[in-house]
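Asker: my questions are about this predicted structure, shown below with the sequence.
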Number of protein chains: 2
Amino acid sequence: MSLDSEIAEQPDVAARLLRDASGPVRRIADAVADKDISGVVIAARGTSDHAAVYGQYVLGARNRLVVALATPSVTSVYGVAPRFDGALVVGISQSGASPDIVGVIDAARDQGCPTIAITNDPGSPLATSAEHVIALGAGSERAVAATKTYTAELLAIAMLSVALEGRDPASDPELAAVPGAVERALRASEPETVAKELARMRQALVVGRGFEYATAREWALKLKELARVFAEPYSAADLAHGPIAVLDPGARVLAIAPSGATEAAMRELLVALRDEIGTDALVLSDLPELRDLGRWSIPLPGGLPEWLAPISTIVPAQRFTVALARAAGLDPERPRHIRKVTLTV
Amino acid sequence: MSLDSEIAEQPDVAARLLRDASGPVRRIADAVADKDISGVVIAARGTSDHAAVYGQYVLGARNRLVVALATPSVTSVYGVAPRFDGALVVGISQSGASPDIVGVIDAARDQGCPTIAITNDPGSPLATSAEHVIALGAGSERAVAATKTYTAELLAIAMLSVALEGRDPASDPELAAVPGAVERALRASEPETVAKELARMRQALVVGRGFEYATAREWALKLKELARVFAEPYSAADLAHGPIAVLDPGARVLAIAPSGATEAAMRELLVALRDEIGTDALVLSDLPELRDLGRWSIPLPGGLPEWLAPISTIVPAQRFTVALARAAGLDPERPRHIRKVTLTV
């Protein structure tokens, strides 16, 4: 069963990426530093778009870069190439095959901007189109639902962030802790019991904030793909601006609430859900007191700084979702209606 | 009942905004043109964030500007001010009161960037913080769910796009057609019959593409706020990257499918929904042959160029959603759990 084994490979993929891609990432950062970039544009779709969201927060909070998520339709539907004006333009795609993402990179190269392809296929059209390539080296990903390429994409972005600070990803102690943390995240819990209790869940709001908003996005997509749960991701900050009206005592909230700068906001939300709305939550946290605010909980391993935590946080969420699909009698290896490689134009 | 009357005021609000704000918008565009901006950053939350999404497509496809949607948490949670590096930074907020949006504008002014507040309250903290103000002049909005301030925000962005091309919004024939089109959109249909048939709808995917992706976002929020429908918006392009797995014959898709550049993609999607998945759709379109692909349909009035159509397209969607709430026995004037002004930090 490729999905389980690909989830289990994630510590090895992370260790290999740190080893093999640090040199290329450092050289890319050196080349980019010479260009004095004005900001970053990232083009991606699906799971890779959630890695782009992680990039928004990481490159914003650590490198003070404004990151725009590209709207590929502006080019592919309306035929207009935006003026990238000295930005670093990054395309992220597991397959490297989607024409609209390649179109954004082509337009950026035509304008003389530095371009990077982050892809699992260094021979793909995306890699061929971009000036620089970060090859994920995650090995063949056979399951329709992306897992190991997602965490590899996050790590590639984290390595780029470190390299853009002028440091070597290969010797960074925070990055070096990632494979071990992902390994601990794999073993931190057996999600089967919680999954069985939630097997009838048909809809959910998935909530995270800051760096973990990417996790909320990716978890919600996995829930749709694998377990057919109508799951919508929200930043905890946006929830109060309307969507919270949909919640009633029968609703379900899945909350990503690790320790750190977002802890207070997540605690406040969980208390309001419990005491004011009466909605039951499943809480992912390394903090027992936050887990206790949920009716269900899954422990997170902790041990990574907040900005790197999403690389390990998604792992128990992946395992829970696979278990949930099976508890609901579905085959997570065979999601409905979707293909591994989607060619959007 | 303030919600119905505020929906009905929208043609007047549009006409007044064109009359009163064209001068200020032209002067703002002249001032910005002198600065040679590198791109645009827009900070907004909730309904105003959907106006920001419209801005991404309009300023991208018409003015070739890269538009980044700000991640206010980078500043409010992690305490980091990104380097805006010569960008035009725009805050959009009905109330102008949300501290995190004001924080983005403050940081941009500190860096010497041109800043614009688009708000219904010219005395608000946001308006005070920004160098330039576009006052929506929509009059007091009492209903919790924003309607007339949303279409006013879209029109303000459209006027800015025209002015950035060096033209006067007051004498632009395309803009001049907006109030009449909004008026026709109000009268185009009686959504009560369709609303009654869909009164038991509990979840839905709302699909649009390009300029109308903003409409999908805003409609989905209104459905949550007013009718408690678990509605998630998707670009038609992203749907195939996983979310489509959630659809089964009992699911509901609400599709915004006006004539123009996105017409072929929307037709293809609607045919696949009907013939391959068996999901019933409600189709909003000015084209009878696209409406015929849905089990239900609501006519759009047409008559605006594609880039301006979202200002009128949302109007039948607002009316349908209010009717749906009432058909479900809810009071759309009193959505649960939310306040008119949300102060996010």
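Answerer: All right, it came through fine. Numbering: from 1, shown residues only, chains lettered A, B, ... in the order given.

Asker: so residue A:176 touches residue A:15, yeah?
Answerer: No. In this structure residue A:176 lies outside contact range of residue A:15 using C-beta atoms under 8 Å: 9.3 Å. Yep, even glycine has a C-beta here, placed from its N, CA and C like the rest.

Asker: compare those two (neighbour count), which wins?
Answerer: residue A:15 (17 against 13; other C-beta atoms under 10 Å in any protein chain shown).

Asker: quick one, what contacts the more buried one?
Answerer: residue A:179 (C-beta atoms under 8 Å, 6 or more residues apart in numbering or on different chains).

Asker: give me the distance from stretch A:31-45 to the chain's centre.
Answerer: Between the centre of stretch A:31-45 and the centre of its host chain there is 19 Å, according to C-alpha atoms, centre = their mean, to the nearest Å.

Asker: same question, stretch A:278-290
Answerer: 21 Å.

Asker: also stretch A:258-272?
Answerer: Taking the mean of its C-alpha atoms, stretch A:258-272 sits 20 Å from the chain's own mean (C-alpha atoms, centre = their mean).

Asker: can you check stretch A:291-306 too?
Answerer: Using C-alpha atoms, centre = their mean, the offset of stretch A:291-306 from its chain centre is 18 Å.

Asker: residue A:96: helix or strand, and which one exactly?
Answerer: Per DSSP states H and E: residue A:96 is located in neither a helix nor a strand.

Asker: how confident was the prediction at it?
Answerer: Residue A:96 carries a pLDDT value of 97.

Asker: what of residue A:249?
Answerer: For residue A:249, the model assigns a pLDDT of 78.

Asker: next, count neighbours for it.
Answerer: 8.

Asker: and it, what is it in contact with?
Answerer: Applying C-beta under 8 Å, 6+ apart, we find residue A:249 in contact with A:277-280.

Asker: restrict those residues to those near chain B?
Answerer: Near chain B, judged by C-beta under 8 Å from any C-beta of the partner chain, the entries from these are residue A:277.

Asker: among the contacts of residue A:249, name the ones in strands.
Answerer: residue A:280 (DSSP state E).

Asker: of the contacts of residue A:249, buried ones?
Answerer: Among those, those buried by neighbour count (16 or more other C-beta atoms under 10 Å in any protein chain shown) are A:277, A:279-280.

Asker: still on that earlier bit, which of the contacts of residue A:249 lies closest to chain B?
Answerer: residue A:277 (6.4 Å; C-beta to the nearest C-beta).

Asker: what distance do you get for that closest one to residue B:336?
Answerer: Separation of residue A:277 from residue B:336 (C-beta to C-beta, to the nearest Å) stands at 8 Å.

Asker: now do the shared contacts for those two.
Answerer: When contacts are counted by C-beta under 8 Å, 6+ apart, residue A:277 and residue B:336 are jointly contacted by A:244, A:247-248.

Asker: roughly how far is the longest helix along chain A from the heart of the chain?
Answerer: Determined from DSSP state H, the single longest helix within chain A is helix A:10-33. How far helix A:10-33 lies from its chain's middle: 18 Å, per C-alpha atoms, centre = their mean.

Asker: can the helix or strand following it be found next to chain B?
Answerer: Where DSSP H and E defines the elements, the next helix or strand beyond helix A:10-33 is strand A:40-43. Yes. Contact of strand A:40-43 with chain B is found when judged by C-beta under 8 Å from any C-beta, involving residue A:41.

Asker: how about stretch A:314-331?
Answerer: No. Judged by C-beta under 8 Å from any C-beta, stretch A:314-331 and chain B are separated, with a smallest distance of 9.9 Å.

Asker: so for that stretch, what gets flagged as buried?
Answerer: A:314-328, A:330.

Asker: between the residues you listed, which is closest to residue A:217?
Answerer: Distance to residue A:217 across the buried residues of stretch A:314-331 (C-beta to C-beta) is lowest for residue A:314, with 10.1 Å.

Asker: so which strand or helix has the closest one?
Answerer: helix A:309-327.

Asker: OK, contacts around the residue nearest to residue A:63 when sequence neighbours are not counted?
Answerer: Nearest residue to residue A:63, sequence neighbours excluded (C-beta to C-beta, 6 or more residues apart in numbering or on different chains): residue A:164, at 5.2 Å. Contact analysis of residue A:164 by C-beta under 8 Å, 6+ apart lists A:29, A:32-33, A:59, A:63, A:65.

Asker: let's have these in CSV, adding pLDDT and distance to residue A:76.
Answerer: Listed next are those as CSV, based on pLDDT from 0 to 100; distance: C-beta to C-beta, whole Å:
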residue, pLDDT, distance to residue A:76
A:29, 96, 29
A:32, 93, 26
A:33, 86, 31
A:59, 97, 25
A:63, 96, 29
A:65, 96, 25
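
Asker: assign whatever residue of the stretch 51-200 of chain A ends up closest to chain B to helix, strand or coil.
Answerer: Proximity of the stretch 51-200 of chain A to chain B (C-beta to the nearest C-beta) peaks at residue A:68, 3.5 Å away. For residue A:68, the secondary structure call by DSSP: H, G, I helix; E, B strand; the rest coil comes out as strand.

Asker: for the stretch 101-250 of chain A, which segments count as helices?
Answerer: Applying DSSP state H, counting those that start in this stretch to the stretch 101-250 of chain A gives helices spanning A:125-129, A:148-164, A:173-176, A:178-187, A:192-197, A:213-227, A:236-239.

Asker: turn those into a markdown table, including mean pLDDT.
Answerer: Formatted as a markdown table, the helices of the stretch 101-250 of chain A follow (pLDDT from 0 to 100):
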| stretch | mean pLDDT |
| --- | --- |
| helix A:125-129 | 98 |
| helix A:148-164 | 98 |
| helix A:173-176 | 98 |
| helix A:178-187 | 97 |
| helix A:192-197 | 96 |
| helix A:213-227 | 96 |
| helix A:236-239 | 83 |
